[in-house]
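> I would like to see how this sequence folds:
(one chain, ligands or ions: 1)
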Amino acid sequence: MARRPLPRILSHGGAQLARSRELARTAADSATDVLHPLITITRGLRRLASAGRRRWAETPKDRRGPLLFLAASVVLVVALMPYGPLLAVVTVMATAAWQGRDRRPKAPQGPDPSRSRRLKSLYEALVPYFSTPDDPEPLYSHGGAWEKAFPEYEFDGGGRITHLVISYPAYFPDGEPESRARIEHLLAAKSGRDREYHFAWDEEGNLLTLRALAPLPADIAAQRFVTSPGETVLGFTDPIRVQRTLPLSYGEERRDVPPVVWRTGIRSTAPHLLALGQPGSGTSTLLRSIALQALQHGDVMIVDGGGTGEYACLTGRDGVLAVECGPAGAAESLKWAAQETERRLIAVNRAHQAGDPPPEDTRRPLWILLDRPTVFTHLAAEDGRPDPQALLHMPLRHGRPANVTVVVADQLDSLETLSDAVRQHTRARVVLGPATAEQLESVLGAPPPSTPVDQIPAGRGYARLGTGPVHRLQVPATPNPYDDATSEALRQAVLELLPPRSTPADEEARQDAPAQEAATPASPVRLEKVPSDRTPDRDAHGRTTPAHDDEDKLPAEAMAASPAPQQPQHREAAVAESS
Ligand SMILES: Nc1ncnc2c1ncn2[C@@H]1O[C@H](COP(=O)(O)OP(=O)(O)OP(=O)(O)O)[C@@H](O)[C@H]1O
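Down below sits the predicted model:
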C-alpha cells in the first residue's frame, strides 16, 4: 500500500523529530491496515446511497408510487423469509464492498525499463566482488535479482542514479580501504564519471550508500565572511558533514553555503596549515584568501618562492609586515619571525608565572605565509647556505601559545623537500587540483569520502583539519587583481578587501640596490611593514619600520634567551646606507 503523506508539521521537522515522525508514520500505516475493510464498505455504502438518490431523482413523479410499492413489497418478503434479514445484510455488505473497492489504476511497481536495465547492469558488475562460490545463498549471482540487493534507489530527471543503497554480504572485507576503493571506483565509473559521489559504509548493517554530489559552487567571489576572530574560511563544502552555513552574496543574490572554517590561535588543535597541489591548482589563491582574512585582526608576513608577484597587491598595506620574494630577504624575515615567536613565548610564560594575563604585545596574531618555500631550499643548497625552512621550527613548534600561525603552500611533488617540522606541525591540510588516491591519503592522512571528477576546476580539492573528517573544498575566487586575465568584478572584490596603504612602498631603496637585486634569482618586492596597532620606529633614514616590541621592556632573562629581533627590513636599510 502506498504511504500516505504526513501532515506538514511532521514531515518538516528537524533531525530530532525523525524518530517521532517514523513512529507516527508506522502507527498511521497500522491503523490504515486494520480499518481497511471498514473503510472500503463505508465507501461502498456511500456510493450505493448516492446511486439510489440519483435513480430516485431521475424517476418521473408518476412512477415513484409504484416503485415505492415494489420496494416495500421486496422488503416485506425478505423480512418474512427465514434468514431473510441476515441474507439481506450480507448481500448489501458484499455489494458495498464491491462498489467501495479502490478503482484507481495501480502505480507501476519498480522503475521503468531503462532504469531497471541500469540497476541490473550495476548489479551484474558487482557480482565478482560480492559473491563467493562457497556461499549457499548468494545475494549476488549472475542473472540474480537486483531488487534484493538494492533496497533503495533514486534517479534524476535524466534517468541517472542519484541515490542508491546497496546491500552486501557480511563476508565482504568492508574494513579494508583497498576493497572499499575498488567498489567505489566501479560504482563511480558505472554511474557517470562526470559527477562526484559520496560513499557511506555502514559496516554494522552491511549497507553501502552512494549519493551523487551536486557540484560545489565555483562562483563564490572573495568577500567579508561572517566569522569570529580566530576563524578563517578556507572555502566551501557540501552540507553532508557541515551543519553551519555562512550568508554569502552572489552579486545581488544572497545564499547560505556551508563553509570549511579553520580555527587558529591558542586553543586550536590544528594551528598551522599545509596546502599542496599541482601547478595552477589554486594554492596561491588560497594563500591570498587567507591573507585577506588574517589582515582583519593580525599582521601578515609573506615569503613567496614562486616569484611571480602573486602577492604584490598586499605590498605596503597596513598589517603586511613583508612580502619577500628573494632568498636573502626570505631568510631574514623568517629569522625575525623565529625570534619574534621566541620573544612572545617568553613574555607569555613570564606573565603566566606572575599570574598576569598575556601581555598586549603578544596577543595580535602574526601570520607567516610561505608560497613554495622549497624553491629557497634548493637555492640555499646550491649556494651552500642553511635551509631557510629550518627557521620555521620555532614558529611551528611554539607558535600556538604565541599567537603565531604558519601557512605553507607548495607543489605536491615537493612534499619530500618540505622539512620534517613543516610536515609534523601542519595538522590542517589542503590538497587542491588533480591528485592520486595515494597522494591524497598521504597528505590528508585519510582517504576522501568522495570520488574525484575527471575535470577539476581551479580551487577545488579537499581539506582536513586535524583528525576531523575530510571535506570537499572550493576555495573562493581571490585572484591577483594585478593580473590582466582577472575579470573586473573579481578585481574589485579583492581590491575592496585590501587594507589601506598608510606608508608608501620603499621604491627608492629598490631602485638604489641593483647589485643586490641582481644577486637574487627572484627579485624581492620591497615593502614597508607597519603593524597597524603599534607605533612605528624610525630607522637611520627616517623611514618607518615595524615597531617590534621595545627591547628595553623585555625582562633580562628574556633578553638573554631571545636575541634582539632583527627586523625584516634591515636588509633594505643596509642597501640604502651603502648607496
Ligand atoms: N578558487 C578559485 N576560483 C577561481 N579561479 C581560481 C581559483 N583558484 C585559482 N584560480 C585560477 O587558477 C589559476 C591558477 O591559480 P593559482 O596561481 O592560485 O595557482 P597555483 O597553484 O598557485 O599555481 P602556481 O603554483 O603555478 O602559481 C589562476 O588563473 C586563478 O585565477
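> quick one: residue 279 from residue 422, how far?
19 Å (C-beta to C-beta, to the nearest Å). In this view, the C-beta of every residue, glycine as well, is placed from N, C-alpha and C.
> Run a quick neighbour tally on the residue in the stretch 101-250 of the chain that the ligand sits nearest to.
Using C-beta to the nearest ligand atom, the closest approach of the stretch 101-250 of the chain to the ligand is made by residue 218 at 6.2 Å. As a burial measure, residue 218 scores 14 neighbours (other C-beta atoms under 10 Å).
> Would you check that it makes contact with residue 457?
Yes: contact between residue 218 and residue 457 holds when scored by C-beta atoms under 8 Å: they sit 5.0 Å apart.
> For residue 432, see how far away residue 409 is.
Remark: distance between residue 409 and residue 432 (C-beta to C-beta) = 9 Å.
> what is in contact with the two at once?
Common contact partners of residue 409 and residue 432 (C-beta atoms under 8 Å, 6 or more residues apart in numbering): 275, 276, 277, 283, 286.
> how many neighbours does whichever residue of the chain sits closest to the ligand have?
The ligand sits closest to residue 459 of the chain, with a gap of 2.1 Å, by C-beta to the nearest ligand atom. When neighbours are defined as other C-beta under 10 Å, residue 459 has 26 of them.
> Residue 139 now?
20.
> who are the neighbours in contact with it?
130, 131, 148, 149, 167, 168, 169.
> mind running it again at 7 Å?
Taking C-beta atoms under 7 Å, 6 or more residues apart in numbering, we find residue 139 in contact with 130, 148, 149, 167, 169.
> Which residue in these has the weakest pLDDT?
In terms of pLDDT, the weakest of the contacts of residue 139 is residue 148, which scores 91.
> hang on, the earlier thing: surely the residue of the stretch 101-250 of the chain closest to the ligand meets residue 458?
No: the pair residue 218 / residue 458 is not scored as a contact, 8.3 Å apart, by C-beta atoms under 7 Å.
> If you count neighbours, what's buried in the helix or strand hosting residue 95?
Here residue 95 sits within helix 84-99, counting by DSSP states H and E. For helix 84-99, the neighbour count (16 or more other C-beta atoms under 10 Å) marks 96, 99 as buried.
> Give me the contacts around the next helix-or-strand element following it.
Next helix or strand after helix 84-99 toward the C-terminus (DSSP H and E): helix 113-126. Residues outside helix 113-126 that contact it (C-beta under 7 Å, 6+ apart): 110-111, 140, 142, 146, 149-150, 153, 155, 159, 161, 186, 190.
> So what's the gap between helix 113-126 and the chain middle?
On the basis of C-alpha atoms, centre = their mean, to the nearest Å, helix 113-126 sits 31 Å off its chain's mean C-alpha point.
> on that earlier part again, could you tell me which of the shared contacts of residue 409 and residue 432 belong to helices?
283, 286 (DSSP state H).
> By neighbours, which of the shared contacts of residue 409 and residue 432 wins?
Neighbour tally across the shared contacts of residue 409 and residue 432 (other C-beta under 10 Å): the maximum, 31 neighbours, falls on residue 283.
> so what's it up against?
Going by C-beta under 7 Å, 6+ apart, residue 283 touches 275, 277, 409, 432.
> Tabulate the residues you listed in CSV, adding columns for pLDDT.
Shown next, in CSV, are the contacts of residue 283 (pLDDT from 0 to 100):
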residue, pLDDT
275, 97
277, 95
409, 97
432, 96
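> Same list, those, but only the ones touching the ligand.
Counting by C-beta under 6 Å from any ligand atom, residue 277 from these sit close to the ligand.
> Tell me which two of the contacts of residue 283 sit farthest apart.
Using C-beta to C-beta, the pair of the contacts of residue 283 lying farthest apart is 409 and 432, separated by 9.1 Å.
> Is the residue of the stretch 101-250 of the chain closest to the ligand in a helix, a strand, or coil?
Following DSSP: H, G, I helix; E, B strand; the rest coil, the label given to residue 218 is coil.
> okay, which residue is most central for the protein?
Centrality entry for the chain: nearest residue to the mean C-alpha point is residue 237, 2.5 Å, by C-alpha atoms, centre = their mean.
> just to revisit the earlier point, give me the contact list for the helix holding residue 95.
With contact meaning C-beta under 7 Å, 6+ apart, helix 84-99 is reached by 40, 41, 44, 45, 47, 48, 78, 79.
> could you redo the last one with a cut-off of 10 Å?
Outside helix 84-99, the residues that touch it by C-beta atoms under 10 Å, 6 or more residues apart in numbering are 37, 40-49, 51, 74-79, 81, 83.
> what is in contact with residue 218 and residue 457 at once?
Contacts common to residue 218 and residue 457, judged by C-beta under 10 Å, 6+ apart, are residue 474.
> Contact partners for residue 272?
With C-beta under 10 Å, 6+ apart, residue 272 has these contacts: 264, 368, 392, 395-397, 399-400, 404-408, 421-422, 424-428.
> what helix or strand is residue 233 on?
Assessed by DSSP H and E, residue 233 sits inside strand 231-236.
> Could you give the average pLDDT over that strand?
For strand 231-236, the mean per-residue pLDDT is 96.
> cool, stretch 212-227 as well?
pLDDT averaged over stretch 212-227 gives 90.
> rewinding a little: between residue 279 and residue 422, which one's more packed in?
For residue 279 versus residue 422, the count of surrounding residues by other C-beta under 10 Å is larger for residue 422: 22 against 11.
> In this structure that one contacts residue 374, no?
Yes: using C-beta atoms under 10 Å, residue 422 is in contact with residue 374, at 9.5 Å.
> Give me the common contacts of those two.
Going by C-beta under 10 Å, 6+ apart, residues that sit against residue 422 and also against residue 374 are 389, 408, 410, 415.
> for this structure, longest helix please?
Counting residues, the longest helix found in the chain (DSSP H) is helix 18-58.
> now that helix, how far from the centre of its chain.
48 Å.
> Which elements pack onto the helix or strand just after it?
Following helix 18-58 in sequence order, the next helix or strand is helix 61-80 (DSSP H and E). If you count contacts as 3 or more C-beta pairs under 10 Å, 6 or more residues apart in numbering; DSSP states H and E, helix 61-80 packs onto helix 18-58, helix 84-99.
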